[in-house]
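>>> no sequence on this one, just coordinates:
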């Protein structure tokens, strides 16, 4: 991934977090998975409730980072 693209994505996340904090809300955690150096998504955690639900929701993000991408058919 090009440095400019990465910097732009980070800026988007920072802006969202800054705006949320300015409105008195807690920003939702996010993950930007890369496969072989290419961005394949930008995933924000689902809406959370205080307590155990928040812990469960954040832990669910690990399912995404732990997923193994499929290889295209015919790939070695």
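Received the coordinates, thanks. Keep in mind it's a predicted model, so treat the numbers as computed, not measured.

>>> show me what the helix ranked longest in the chain is in contact with.
As assigned by DSSP state H, the longest helix anywhere in the chain is helix 3-22. Residues outside helix 3-22 that contact it (C-beta atoms under 8 Å, 6 or more residues apart in numbering) are 26, 27, 30, 32, 39, 42. From N, CA and C alone the C-beta is placed, and that goes for glycine too.

>>> one more time with 7 Å
Outside helix 3-22, the residues that touch it by C-beta atoms under 7 Å, 6 or more residues apart in numbering are 27, 30, 32, 39, 42.

>>> show me what contacts the first one?
Going by C-beta under 7 Å, 6+ apart, residue 27 touches 16, 17, 20, 21.

>>> got TSV for the residues you listed, with neighbour count, pLDDT and distance to residue 48 too?
Putting these into TSV (neighbours: other C-beta atoms under 10 Å; pLDDT from 0 to 100; distance: C-beta to C-beta, whole Å) gives the following:
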residue	neighbour count	pLDDT	distance to residue 48
16	14	83	16
17	15	82	15
20	13	82	13
21	11	83	16
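
>>> farthest pair within those?
Distance extremes for the contacts of residue 27: the farthest pair is 16 and 21 at 9.8 Å, using C-beta to C-beta.
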